[in-house]
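Enquirer: Predicted model and sequence below, questions to follow.
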Amino acid sequence: MAAPVQVEAVVASEVEGRPRRRGRRGARASHRRQSFGLFLTIVPFLVLVFLFSYFPLYGWIYSLYDYRPARGLGGSEFVGLQWFRMLVGSPTQVQQILQVMANTLAMSFLGIAASVLPLAFAVFLNEIRATWFKNLVQTLTTLPNFISWVLVYMIAFSMFSTTGMVNGTLENLGLIDEPLKFLDSDQHIWLKMALWGIWKTVGWGAILYLAAIAGIDQSLYESAKVDGAGRFQTMWHITVPQLMPTFFVLLMLSIANILNNGMEQFYVFQNAFNREHIQVLDLYVYNIGMTGNNLSLATAISMLKSVISVVLLLSVNALSKRVRGTSLV
């Protein structure tokens, strides 16, 4: 009698197991369909990234030719690595590149040193109790980010040129006899560009930290108040430490992009007086390619810049993984 009972139990378990297996298969199929649907939603963005970020890398081939636009790539002479050898073989070219790299690194390090300002501004802005005043300050400090560098230079010219408002006011007050050369001078040009960059971006950079502050657990502040902590103590011991992970991520990204200063700001502010110390790497590539009409050499320099940027990104990513335990990419 025991054997038939065991057989019936085995058969019943198999019958019960079939629907479960079918249910698992159905769940897996549903999960795959859902994943495929989500993948389709990002396909347009992947296509855009490929078209605007990877497809233009085909242009690196111009660094192997003595490219002349009138002849086209097919009619231009193939020169191999001539332009790369020229970068390290010509003393004049090497000296010029070293000056450009010094300008680029100086601007970048000043920007990195000033990266703490958006954090400090966000912390103090968060402490403003009057909502209308807080919104007003945030709006006024964020607006410069949406002004083009051409308009910024127009503002700078109207205020700080030799015939501008500042010089006119100082002359009328009898404080100076000759106009001060704020724009057409090479003195302190790195600091001037850094200050203009801070004015334009500090409000916009604070938005990310304000969002991070909004996500801080409010029970921490309540506990601090119960313990008798003041406003500055809660700022220093709660708000700032909670913002440190965000700050370090942005700092590492800035270090990885240390050679990417952009060229718009320096292009509009450059002139014959400050060209030597305002010319960063991006502007140097533009001047060689467009003004100097040597697109092949400009492509070679741009390639080296891209390779160095990738190496810096991988190095910073490894450092982040070692120090913070998480990688950036």
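Expert: That came through, no problem.
Enquirer: which stretches of the stretch 201-329 of the chain form helices?
Expert: Secondary structure of the stretch 201-329 of the chain, counting by DSSP state H, counting those that start in this stretch: helices at 218-226, 231-234, 240-256, 264-269, 275-278, 281-286, 295-323.
Enquirer: just those: most buried one?
Expert: Greatest average neighbour count among these goes to helix 281-286 (a mean of 21), per mean count of other Cβ atoms under 10 Å. Where C-beta positions appear, they are placed from N, C-alpha and C, glycine not excepted.
Enquirer: Just the pLDDT for Asn145.
Expert: Looking at Asn145, its pLDDT stands at 92.
Enquirer: Show the contacting residues for the nearest residue to it once chain neighbours are set aside.
Expert: With Cβ to Cβ, 6 or more residues apart in numbering as the criterion, Asn145 has its nearest non-adjacent residue at 3.8 Å, and that residue is Trp204. Trp204 sits next to 142, 144-145 when contact means Cβ atoms under 8 Å, 6 or more residues apart in numbering.
Enquirer: what about Trp204, distance to Phe39?
Expert: The gap separating Trp204 from Phe39 is 33 Å, by Cβ to Cβ, to the nearest Å.
Enquirer: Tell me how this structure divides into domains.
Expert: Structurally, the chain divides into domains by automatic domain parsing as follows: 2-58, 90-323.
Enquirer: circling back to that earlier point, nearest to Tyr153, out of the helices of the stretch 201-329 of the chain?
Expert: Closest approach to Tyr153 among the helices of the stretch 201-329 of the chain is made by helix 264-269 (4.2 Å; Cβ to Cβ).
Enquirer: Tell me which residues are up against the closest one.
Expert: 148-150, 152-153, 156, 183, 193, 196-197, 278-280, 282-283, 286.
Enquirer: Please, where are all the strands along the stretch 51-200 of the chain?
Expert: Per DSSP state E, counting those that start in this stretch, the stretch 51-200 of the chain has strands spanning 65-66, 77-78. These are given in chain order.
Enquirer: Pick the most buried one from these.
Expert: Most buried of the strands of the stretch 51-200 of the chain, by mean neighbour count (mean count of other Cβ under 10 Å): strand 65-66, with a mean of 18.
Enquirer: Report the mean confidence score over it.
Expert: Confidence over strand 65-66 (mean pLDDT, whole number) is 88.
Enquirer: Stretch 154-169 too?
Expert: 90.
Enquirer: Quick one: end-to-end length of that stretch, please.
Expert: Terminal residues of stretch 154-169 are spaced 18 Å apart (Cα to Cα, to the nearest Å).
Enquirer: Then stretch 181-193?
Expert: End-to-end distance (Cα to Cα), stretch 181-193: 15 Å.
Enquirer: neighbours around Thr142, how many?
Expert: Thr142 is flanked by 16 other residues according to other Cβ atoms under 10 Å.
Enquirer: That one touches Gly203, doesn't it?
Expert: Yes: counting by Cβ atoms under 8 Å, Thr142 touches Gly203, with 4.1 Å between them.
Enquirer: circling back to that earlier point, turn the domains of the chain into JSON lines, including distance to Gly74.
Expert: Below are the domains of the chain laid out as JSON lines (distance: least, Cβ to Cβ, whole Å):
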{"stretch": "domain 2-58", "distance to Gly74": "15"}
{"stretch": "domain 90-323", "distance to Gly74": "15"}
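Enquirer: out of those domains, deepest packed?
Expert: Most buried of the domains of the chain, by mean neighbour count (mean count of other Cβ under 10 Å): domain 90-323, with a mean of 15.
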